[in-house]
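S.K.: for reference, the sequence and a predicted model appear below.
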Number of protein chains: 2
Amino acid sequence: MAGTDAAGSQTLSRGIRVLEALAESDAPMTPSDLIATLGLHRSIVYRLLHTLEGHRLITRDDRGRIALGHGLAALALGVERDLRDASVPILRRTADALASTCFLVGYDSGEITTLISAAPHRSVVAVAQNPGTVHPVGVGAPGRAILSQLPPTEWPAHLPETQRRATGDVVTSGFAISHDEVVPGLHAVAVPLPLVGHGPLAVGVVCLAILDAPEQIAARLREAAVQITAAMAD
Amino acid sequence: MAGTDAAGSQTLSRGIRVLEALAESDAPMTPSDLIATLGLHRSIVYRLLHTLEGHRLITRDDRGRIALGHGLAALALGVERDLRDASVPILRRTADALASTCFLVGYDSGEITTLISAAPHRSVVAVAQNPGTVHPVGVGAPGRAILSQLPPTEWPAHLPETQRRATGDVVTSGFAISHDEVVPGLHAVAVPLPLVGHGPLAVGVVCLAILDAPEQIAARLREAAVQITAAMAD
DNA sequence: GTTACGTGTCTCTATTATCGGACACAAAGA
DNA sequence: TCTTTGTGTCCGATAATAGAGACACGTAAC
């Protein structure tokens, strides 16, 4: 669903669709699974698999089933490397200070992706927010913190009036808050992080029960945002 | 260097080489950089870039320079997902217990890749060991812990006699130790982690100064390995 | 035994990508 | 101003892939 029939190279696009199909599947896939999912001929899929395996982007287990390979982890290491290196220690401190999972999200061509996250040290239940997770735009605290940095022309087509006004509130108050929005039972607070040459970013926390006043949490998050901006200036 | 002219699809292989080139570069690349690095014609590179951009595997900043895109992080999220989800909390506890960065490495077609790592909470200096990092086979404690699980027929061609005997010691003692081997000044201890259907794995720690006796560290690592094995059995 | 099924490789034309060059355009430099 | 350099697109002849089927092999069902 992510990859439409992208302009340019059909072969490359199909090879990437193999990886996307494997990522969306929670278990390793058999060749037949892939052939059925992609709707391609067997000979094509096998050719793509050989090429992908040669680059270690897929691997095959003892039963011949196909899974994403370690080479993808090596490639992903290079995604926003400077930003992630600079932010990790800051997010760790913020997560401990707020006793909540703290994360940094980025916006790229219509989607919001978690770039890094840090769980607090002494947490009874750790709310996971793994890097690579995709958020809906305009929904939830991080979604609105990002949206508030985008011109309304780039907003999603059918964004409810409620979300539009809530996003406007982010601009005035400087932070976004959400509860039961993306995942039931979870609270979230996020602040925008504008950084030159990096598209809209946001720093946020997610937790089961809100501890401090939202304004206090937002103040601490803004502090982290300032530190990240400073660390990136070098 | 990683991707030779892989059998199968030339187009797909070249598209992946674009990603590999961007990952090896520490800064965003201009189109000319890529064209020179890959040795391809301009029209080919532009076509590949359009396709990759459509799948959010690359992105372009305000100056037109090209960097790896967030879609790669989403794909990498699926790499060894079950194993990583099961290991994260165990590695965190182990890292705190040993006051050292603790990590899990996996082997796939000739290369050892860090799958996850956990830094200790109260660390003066945190030794980073980011997921996706590639280790040399047979060198260093993790390298030998992996090698000890491979048949000698799959060992690297010109492995020094010293490394061969040290690897043999891992089989008898149950753990590997290294100092000043991969990175000067760093100590490392690692234990093998055999897991059915998952290729050779190893759990290890890396630190600046060794605190406990290697045997004690190895015992704690073996404990973590057992816990991971148990967590994967469900 | 047979039947059915998934795997993996191979061969073959129609379709698609490649690659050279050409073109237009903008930003620096002489 | 006139060059030079990088960017981005477009066009044809050549080389590569797509896509269908055929084939051999192991393996589980009957």
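M.R.: That came through, no problem.
S.K.: does the spatially most central residue of chain A belong to a helix, a strand or coil?
M.R.: The C-alpha lying nearest the average C-alpha coordinate of chain A belongs to residue A:113 (Cα atoms, centre = their mean; 2.0 Å). Recorded secondary structure, residue A:113: strand (DSSP: H, G, I helix; E, B strand; the rest coil).
S.K.: which residue, other than its chain neighbours, is closest to it?
M.R.: Nearest residue to residue A:113 in three dimensions, chain neighbours excluded: residue B:70, at 3.9 Å (Cβ to Cβ, 6 or more residues apart in numbering or on different chains). From N, CA and C alone the C-beta is placed, and that goes for glycine too.
S.K.: roughly how far does the one you found sit from residue A:83?
M.R.: According to Cβ to Cβ, to the nearest Å, residue B:70 stands 11 Å off from residue A:83.
S.K.: the two: which has the busier surroundings?
M.R.: residue B:70 (28 against 20; other Cβ atoms under 10 Å in any protein chain shown).
S.K.: pLDDT score for that one?
M.R.: For residue B:70, the pLDDT comes out at 97.
S.K.: list the buried residues of the biggest helix by length in chain A.
M.R.: Counting residues, the longest helix found in chain A (DSSP state H) is helix A:214-233. By 16 or more other Cβ atoms under 10 Å in any protein chain shown, the buried positions in helix A:214-233 come out as A:217-218, A:220-225, A:227-228, A:232.
S.K.: how about the contacts made by the nearest residue to residue A:214 once chain neighbours are set aside?
M.R.: Nearest residue to residue A:214 in three dimensions, chain neighbours excluded: residue A:177, at 5.0 Å (Cβ to Cβ, 6+ apart). Counting by Cβ atoms under 8 Å, 6 or more residues apart in numbering or on different chains, residue A:177 touches A:141, A:187-190, A:214, A:218.
S.K.: rerun at 7 Å
M.R.: Residues counted as contacts of residue A:177 (Cβ atoms under 7 Å, 6 or more residues apart in numbering or on different chains) are A:141, A:189, A:214.
S.K.: from those, pick the one nearest residue A:119.
M.R.: The shortest approach to residue A:119 among the contacts of residue A:177 belongs to residue A:189, at 16.1 Å (Cβ to Cβ).
S.K.: am I right that the closest one is in contact with residue A:179?
M.R.: No. Assessed by Cβ atoms under 7 Å, residue A:189 is found out of contact with residue A:179, at 9.9 Å.
S.K.: count the neighbours of residue A:106 for me.
M.R.: Around residue A:106 there are 25 residues (other Cβ under 10 Å).
S.K.: now residue A:130, nearest residue through space, not along the chain?
M.R.: residue B:77 (5.9 Å).
S.K.: measure that neighbour to DNA strand D for me?
M.R.: Residue B:77 sits 26 Å away from DNA strand D, taking Cβ to the nearest atom of the strand, to the nearest Å as the criterion.
S.K.: that residue touches residue A:132, doesn't it?
M.R.: Yes. With contacts counted by Cβ under 7 Å, residue B:77 reaches residue A:132, the gap being 3.3 Å.
S.K.: looks like residue A:145 contacts residue A:176 (just checking).
M.R.: Yes. Counting by Cβ under 7 Å, residue A:176 is a contact partner of residue A:145 at 4.5 Å.
S.K.: neighbour count winner among these two?
M.R.: residue A:145 (31 against 28).
S.K.: what residues does chain A put near DNA strand D?
M.R.: By Cβ under 7 Å from any atom of the strand, the residues of chain A that approach DNA strand D are A:10-11, A:14, A:40-44, A:47-48.
S.K.: could you redo the last one with a cut-off of 10 Å?
M.R.: A:7-15, A:38-48, A:51, A:63 (Cβ under 10 Å from any atom of the strand).
S.K.: picking that back up, show me the residues around the residue nearest to residue A:113 that make contact.
M.R.: Contacts for residue B:70 were tallied using Cβ under 7 Å, 6+ apart; they are A:79, A:106, A:108, A:111, A:113, B:56.
S.K.: for residue A:92, same thing?
M.R.: Applying Cβ under 7 Å, 6+ apart, we find residue A:92 in contact with residue A:118.
S.K.: surely it is in a helix?
M.R.: Yes. According to three-state DSSP, residue A:92 belongs to a helix.
S.K.: ok so, going back, mean confidence score for the longest helix of chain A?
M.R.: Averaged across helix A:214-233, pLDDT comes to 96.
S.K.: packing partners of it?
M.R.: If you count contacts as 3 or more Cβ pairs under 7 Å, 6 or more residues apart in numbering or on different chains; DSSP states H and E, helix A:214-233 packs onto helix A:81-98, strand A:187-193, strand A:201-207.
S.K.: what lies in contact with that helix?
M.R.: The contact list for helix A:214-233, computed with Cβ under 7 Å, 6+ apart, reads A:82-83, A:86-87, A:90-91, A:94, A:97-98, A:174-175, A:177, A:189, A:191, A:193, A:195, A:203-205.
S.K.: circling back: now do the residue nearest to residue A:113 against DNA strand C, distance only.
M.R.: Between residue B:70 and DNA strand C the computed distance is 24 Å (Cβ to the nearest atom of the strand).
S.K.: and if you look at residue A:86?
M.R.: With Cβ to the nearest atom of the strand as the criterion, residue A:86 and DNA strand C are 27 Å apart.
S.K.: from residue A:90, how far off is the closest residue to that residue other than its chain neighbours?
M.R.: In space, residue A:86 comes closest to residue A:231 once its chain neighbours are excluded; the distance is 3.9 Å by Cβ to Cβ, 6+ apart. Residue A:231 sits 7 Å away from residue A:90, going by Cβ to Cβ.
S.K.: equivalent analysis for residue A:182, please.
M.R.: Distance of residue A:182 to residue A:90, given as Cβ to Cβ: 24 Å.
S.K.: for those two, work out which one has more neighbours and name it.
M.R.: Each of residue A:182 and residue A:90 has its neighbours counted (other Cβ under 10 Å); residue A:90 has more, 22 against 15.
S.K.: distance check, the nearest residue to that one once chain neighbours are set aside against residue B:119.
M.R.: Distance criterion Cβ to Cβ, 6+ apart; nearest residue to residue A:90, sequence neighbours excluded, is residue A:227 at 4.8 Å. Note on residue A:227: its distance to residue B:119, by Cβ to Cβ, is 18 Å.
S.K.: cool, residue A:20 as well?
M.R.: Taking Cβ to Cβ, one finds residue A:20 at 31 Å from residue B:119.
S.K.: check what contacts stretch A:191-205 and list those residues.
M.R.: Contacts for stretch A:191-205 (Cβ under 7 Å, 6+ apart): A:83, A:98, A:100-108, A:141-142, A:145-146, A:148-150, A:174-175, A:188-190, A:217-218, A:221-222, A:224-225, A:228-229, A:232, B:61-62.
S.K.: list the buried residues of that stretch.
M.R.: Within stretch A:191-205, the residues that count as buried by 16+ other Cβ under 10 Å are A:191-193, A:198-205.
S.K.: closest to DNA strand D among the residues you listed?
M.R.: residue A:199 (16.4 Å; Cβ to the nearest atom of the strand).
S.K.: bridging residues for residue A:68?
M.R.: Applying DSSP bridges to residue A:68 yields these beta-bridge partners: residue A:58.
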